[in-house]
Each structure stands twice: as structure tokens, then as C-alpha cells.
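**Student:** predicted structure and sequence below. I'll ask about it afterward.
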Amino acid sequence: MYECLLQADILHNPDQIAIFTQFVELDYDDIQDQAILISTLMTQLLQLYQWLIGGVLLGWILRRFLPAFVPVWIGKFLFWVGVPIGIFVFLRQADLSGEIWLAPVVAWIAILLGGSLAWVWISRKQANSHLNESWSRATQGSFILSSMVGNTGYIGFPIILSLVGPQYFGWAVFYDGLGSAIGAYGLGVLLAARFGLETQNLLALMTVMFKNPALWSLGFSLLSRDVILPDTVEQILKLMAWGIIALSLILMGMRLSQLSSWRYFRQASVSLTIKMLIVPLVIGTILSILGVGGSPLLVMVLLMATPPAFATLVLAEAFNLDRELTVTTLAMGYVALLVMLPLWLLIFG
């Protein structure tokens, strides 16, 4: 292209040649900047994949040799101690300025949109006899829940910390604590009770939402952000926080090892398409049109695109929903996450 321009009549005087030279230099600088950006993103992705694949694979292997109560204990430790410590540590480094309130609002929009699309799909299957499939109420409940609530804590937090950085971790905490957690143990409980095969104590399960230590840790962290801790204490807390992230990935591998069949592959594929593709793409595009951009937009899109939350398995077991479908969506969602991450970075990064 440049050789053709040099041979053209338009570049026969010094002024035009100088302008053309500046254009070539700018074009080269842009290409160089893009190459550096792509290289940086690839490095971050590879490091994240090492964490995600290595941690989950280790958990999968350990589950074969450890007693059945070990994953239960790890889950309780992370719920009551690990995740609150991680929130406290990383929130101290986060930038809470700007329109951070937008994070939980977007979380609820994503939850409601995912649930609505799942309900439309089920209604369509029932209305068309040639498409109708025999889905029990338990299967319908698991399908809707898996389309709504993402794993924005155990999986979302390490993704945000690796690809975006601690500066915007506050957006992830607000999205998870005021969006996903309440959506799972609030609206999720109501839906699970509606589709479940057994009557459960709704009040007792609703209190799980208010007893969630992650919410209390969020409040405590906001109040104590300005408290200065000794450097040694800060370093120890950071090491603990990253260790907790690794432990959460190991736990996920242990949970995924429970998958025993692929009988619900088709239903899980539809649920994950809604949860991990349609919802983040639609809402992310609308937010971009409305002027939301940069790291905050990327954080929210990545969180919307996380696999279904472990809470869906908890609710499936508590309300006797379709546990097999739930575990299938968890496993397939994790694999889909590894494939989809570069796409979201390319579109919204």
C-alpha cells in the first residue's frame, strides 16, 4: 500500500512526503501498541489457565484418594473463613470510586434475564409438541437456576484478580455480595421451593442469605479500609488470600469429580448458552452503548460469563431438584469458561 502511494502524484512534494512519513510512523506505533497489548493479554491468560486447570485437576485427583468428608470440610472452611478473609484483603487494595453501585444492579439484571430466557425456552418446548421433551419439574428448576446465578466468588474472583487486577476487585465483591449471593439464596430459594419435589423450611434457608459471612466481611472491610496494618500482617494476609483462591479451585475439582454421566448434555448446553453467552453479550453490548467501558465493563462481563454457582448444587440437594443436570452444567460450564475467556477479552477488553 505504501509503495503505491509513493509512486502516486500526490507525494511529489516535500510537504506531502513529510505528512506521509508521519502517517507511517503513527501506523507503526499503533501496530506496535496492539502487539504489546495482545502479548500482555496472552501472558495473563496463560497464567490464569495454569491456575484454573492446575487447581481443578489437583482437586479432581485428590478426590479419588481422600475421604468423602474432606470436600465438605473445605467448603465449610471457605464459606465461613476463607472467602471473608479474601474479601477483606483484596478490598483494601480496590478502588471504590466511580459508579461501583452499578455492579449489583447489573448482576440482578443478568440474573433476571437469564431466568426469563430459561423460562421462555421451557415454555416453548411445552407449547410445541414436536419439540416437547419430558422434563420433570425438578429438571426445570435446575435448568432455570443454572441459567441465572454464576460462580462469581470461587471462580470470578481469581479471574478478575488475574485479568483486571486488585484495583477493580471492589466491583467484583459488590457484584457477588449484593447480586449473586442474594440472588442464589433469595430468589433462588423461592424458585427451588416452587419446583422442588419436597417441602422445605423456607425461613431457615432464607436466613442463609443474611448469615452469609461474605456479606458481613464486605461491611467490615468497607468500615476498616482506612485502618493501617503493619507490613508483616499485610503480607501474611495477602499470602493467605491467594492460598484461599487456590484452595477454592481445588474444591471445584473435587465437586466436578462427582459427574457420573452426560445424559443431560443437551439441556446443559442450552442453559450454559443462555448463562455464559447470550446474557453477557446482550448486557455487555447495551452497557457499552450507554457509555460504560474500560475495566468496570470488563469486570461485569467476565462475572456474567462465569459458570453456574455451587449454590445451584446446594439448592438442588436441599430441594430435591435434578442433581445430575446441575453437576453436568457445572462441569461443562467450567470447560466453556476456558474457551470463552479470550472472546470476552477480544470484544470488551
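**Tutor:** Yes, it's here.
**Student:** count of neighbours near residue 36?
**Tutor:** A count of nearby residues for residue 36, using other CB atoms under 10 Å, gives 10. All C-beta spots, glycine's among them, are computed from the backbone N, C-alpha and C.
**Student:** give me the element it is part of.
**Tutor:** helix 14-63 (DSSP states H and E).
**Student:** what is the mean pLDDT for that helix?
**Tutor:** Per-residue pLDDT over helix 14-63 has a mean of 72.
**Student:** pull out the buried residues from the helix or strand following it.
**Tutor:** Beyond helix 14-63 on the C-terminal side, the first helix or strand identified by DSSP H and E is helix 69-77. For helix 69-77, the buried set under the neighbour-count rule, 16 or more other CB atoms under 10 Å, comprises 71, 74-75.
**Student:** against residue 244, how distant is the nearest residue to residue 307 once chain neighbours are set aside?
**Tutor:** Distances taken as CB to CB, 6 or more residues apart in numbering place residue 333 nearest to residue 307, at 2.8 Å, with adjacent residues excluded. Distance of residue 333 to residue 244, computed by CB to CB, to the nearest Å: 22 Å.
**Student:** could you do residue 256 as well?
**Tutor:** 19 Å.
**Student:** equivalent analysis for residue 112, please.
**Tutor:** 30 Å.
**Student:** one step back: just to be sure, the residue nearest to residue 307 is in a strand?
**Tutor:** No: remark: residue 333 does not belong to a strand; assigned using DSSP: H, G, I helix; E, B strand; the rest coil, it is helix.
**Student:** quick one: it and residue 273 touch, right?
**Tutor:** No: contact status for residue 333 versus residue 273: not in contact, 10.7 Å apart, counting by CB atoms under 8 Å.
**Student:** between these two, who's got more neighbours?
**Tutor:** Higher neighbour count among residue 333 and residue 273: residue 333, with 25 against 15, using other CB under 10 Å.
**Student:** residues touching the more buried one, list them.
**Tutor:** By CB atoms under 8 Å, 6 or more residues apart in numbering, the contact set of residue 333 is 146, 151, 268, 272, 275-276, 306-308.
**Student:** any chance of those in JSON lines with neighbour count as columns?
**Tutor:** Shown next, in JSON lines, are those (neighbours: other CB atoms under 10 Å):
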{"residue": "146", "neighbour count": "33"}
{"residue": "151", "neighbour count": "26"}
{"residue": "268", "neighbour count": "26"}
{"residue": "272", "neighbour count": "24"}
{"residue": "275", "neighbour count": "30"}
{"residue": "276", "neighbour count": "26"}
{"residue": "306", "neighbour count": "27"}
{"residue": "307", "neighbour count": "26"}
{"residue": "308", "neighbour count": "30"}
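**Student:** could you pull out the helices for the stretch 51-200 of the chain?
**Tutor:** For the stretch 51-200 of the chain, applying DSSP state H, counting those that start in this stretch gives helices covering 69-77, 83-91, 102-127, 137-148, 156-163, 169-175, 181-182, 188-195.
**Student:** how far does the third one sit from its chain's centre?
**Tutor:** On the basis of CA atoms, centre = their mean, to the nearest Å, helix 102-127 sits 16 Å off its chain's mean C-alpha point.
**Student:** now residue 87: how far from residue 137?
**Tutor:** 36 Å.
**Student:** quick one, which of those two is more surrounded?
**Tutor:** Comparing residue 87 with residue 137 by other CB under 10 Å, the one with more neighbours is residue 87, at 29 against 13.
**Student:** contacting residues around the more buried one?
**Tutor:** Contacts of residue 87 by CB under 8 Å, 6+ apart are 173, 177, 214, 217-218, 221.
**Student:** output the below-cut-off pLDDT ranges for the chain.
**Tutor:** Across the chain, the ranges flagged by pLDDT under 70 are 1-30, 33-34, 37, 127-134, 197-209.
**Student:** same thing but at 50, please
**Tutor:** Applying pLDDT under 50 to the chain picks out residues 1-3, 5-8, 10-11, 20, 23-24, 26, 130-131.
**Student:** thought residue 318 was touching residue 188?
**Tutor:** No: under the criterion of CB under 8 Å, residue 318 makes no contact with residue 188, lying 10.4 Å away.
**Student:** show me which of the two is the more surrounded one.
**Tutor:** Taking neighbours as other CB under 10 Å, residue 318 and residue 188 compare with residue 188 leading, 28 against 18.
**Student:** could you measure that one against residue 105, distance?
**Tutor:** 18 Å.
**Student:** what's the answer for residue 94, then?
**Tutor:** Taken as CB to CB, the span from residue 94 to residue 105 is 18 Å.
**Student:** those two: which is more packed in?
**Tutor:** Using other CB under 10 Å, the more surrounded residue of residue 94 and residue 105 is residue 94, with 22 against 15.
**Student:** you'd agree the more buried one is up against residue 164?
**Tutor:** No: at 10.5 Å, residue 94 and residue 164 do not qualify as touching, with contact defined as CB under 8 Å.
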